[in-house]
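Trainee: The amino acid sequence is not available; the structure is as follows:
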């Protein structure tokens, strides 16, 4: 078995490189943001004893072990240099399939998501409330658990809607047609929904998604995007509207693992140069002078990558913070629609179409040299 340990602290959440997403400029973390993150982390550390007394830690350990067991049965804070140079892999006699849940899953790997992030143009409002977002996409399966904690009260955040999305194995996002996102002649991709979904947290502030390990595209390292919504309205078509966005962020994976995944099919059909964590500006901003380690904890679900991964993270949120994410496309009852950035706002146009099933039109995107 393999284990990864990580902490996530998102300073500029969904900031993106202009080379990767034309027309959107990336922001560097300023001193105010670094101070914010430091204060948030100190506040969360003060919650540790309450987590233990309330049984939150014990429930997390048991839940994560149960999730891994379930998926196996189906088969048959630091600075940037410190994060990059640290091996997160635990092997040999340290961890075995018979290790206790506390040995494997007790590390909460807390991330603090700053509300002042840049969403980037690949956020698509109007996506469906669902746990399995894989559809017909090929790649390494991942099960991702996020637990959301109110940093001011040390209590789980219930009824928060976690909105998550990432590109497919060959670096293509669903729901849009744009330069740098696959074959721009393939207009059917505008109406796809793969690897996008939303879910509500339970009484322990927990959400679990079944997704795929992301591929890569020009100028960015491997990552998942996320937005957290509060006080939304759930529509009859299983989408959300309204409410506020408490934070925006990104999650990463260990570079050694990325390299292993990229050597497998269909990731290895992507001819775009891979940007590493060390080269990625967003990764740097999230770890620079912030005592953070923005890489998911994980274990292998089986003996190889083909069997999939289980990754988890605890996310501390300031629920009083608000942020207005921008976007260039929305998913409506008529499919994907391009919108003017100036007119975008949370909840706008979020009227999704019929509930998707496997094999959406254009779900398998062209690979290699078309990014």
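Mentor: Happy to help now that I have it. Everything quoted here is computed from the prediction, not taken from an experiment.
Trainee: and the closest residue to residue 322 other than its chain neighbours, bridged to which residues?
Mentor: Closest residue to residue 322 apart from its sequence neighbours, by CB to CB, 6 or more residues apart in numbering: residue 244 at 4.8 Å. The C-beta positions use only the backbone N, C-alpha and C, and glycine is treated the same way. On the basis of DSSP bridges, residue 244 is bridged to residue 230.
Trainee: What number of residues are in the vicinity of residue 244?
Mentor: Applying other CB atoms under 10 Å, we find 18 residues neighbouring residue 244.
Trainee: Check it and give its pLDDT.
Mentor: Per-residue confidence (pLDDT) for residue 244: 95.
Trainee: before we move on, what about the one 3 residues further on?
Mentor: pLDDT for residue 247: 82.
Trainee: Can you classify it as helix, strand or coil?
Mentor: Three-state assignment for residue 247 (DSSP: H, G, I helix; E, B strand; the rest coil): strand.
Trainee: residues near residue 165, how many?
Mentor: 25.
Trainee: Could you find the closest non-adjacent residue to it?
Mentor: Ranked by CB to CB, 6+ apart and with sequence neighbours excluded, the top spatial neighbour of residue 165 is residue 196, at 4.3 Å.
Trainee: Show the contacting residues for that neighbour.
Mentor: 124, 127, 128, 133, 164, 165, 174, 175 (CB atoms under 8 Å, 6 or more residues apart in numbering).
Trainee: what about it, distance to residue 329?
Mentor: Taking CB to CB, to the nearest Å as the measure, residue 196 falls 11 Å from residue 329.
Trainee: what do you get for residue 282?
Mentor: Separation of residue 282 from residue 329 (CB to CB) stands at 21 Å.
Trainee: who has more neighbours, these two?
Mentor: residue 282 (29 against 24).
Trainee: my hunch is that residue 71 is in a helix, does that hold up?
Mentor: Yes. Assessed with three-state DSSP, residue 71 lies in a helix.
Trainee: residue boundaries of the helices in the chain?
Mentor: Secondary structure of the chain (DSSP state H): helices at 31-45, 48-54, 56-75, 80-85, 101-105, 255-262, 281-287.
Trainee: between those, which gets the lowest average pLDDT?
Mentor: For those, mean pLDDT drops lowest on helix 101-105, to a mean of 45.
Trainee: contacting residues for residue 67?
Mentor: 143, 145, 208, 310.
Trainee: Now rank the residues you listed by neighbours and give me the top one.
Mentor: Busiest of the contacts of residue 67 [other CB under 10 Å] is residue 310, holding 25 neighbours.
Trainee: For residue 239, see how far away that one is.
Mentor: Per CB to CB, residue 310 is found 27 Å from residue 239.
Trainee: Give me the pLDDT for residue 360.
Mentor: 33.
Trainee: oh sorry, the question was meant for residue 239
Mentor: 96.
Trainee: all strands in the stretch 251-371 of the chain, in order from the N-terminus.
Mentor: 297-300, 309-317, 329-332, 335-338 (DSSP state E, counting those that start in this stretch).
Trainee: can you put the ones you listed in a markdown table and add distance to residue 252 and mean pLDDT?
Mentor: What follows is the strands of the stretch 251-371 of the chain, written out as a markdown table (distance: least, CB to CB, whole Å; pLDDT from 0 to 100):
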| stretch | distance to residue 252 | mean pLDDT |
| --- | --- | --- |
| strand 297-300 | 11 | 89 |
| strand 309-317 | 10 | 87 |
| strand 329-332 | 24 | 92 |
| strand 335-338 | 27 | 90 |
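Trainee: mind checking which of those strands is nearest residue 230?
Mentor: Smallest distance to residue 230 across the strands of the stretch 251-371 of the chain (CB to CB): 9.0 Å, for strand 309-317.
Trainee: Now the strands of the stretch 251-371 of the chain in TSV, please, with extra columns for distance to residue 275.
Mentor: Shown next, in TSV, are the strands of the stretch 251-371 of the chain (distance: least, CB to CB, whole Å):
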stretch	distance to residue 275
strand 297-300	21
strand 309-317	20
strand 329-332	24
strand 335-338	27
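Trainee: Between those, which shows the greatest average number of neighbours?
Mentor: Mean neighbour count (mean count of other CB atoms under 10 Å) peaks for strand 309-317 among the strands of the stretch 251-371 of the chain, with a mean of 25.
Trainee: thinking again about what came up before, do you know which of the strands of the stretch 251-371 of the chain lies nearest residue 214?
Mentor: Nearest of the strands of the stretch 251-371 of the chain to residue 214, taken as CB to CB: strand 309-317 at 11.7 Å.
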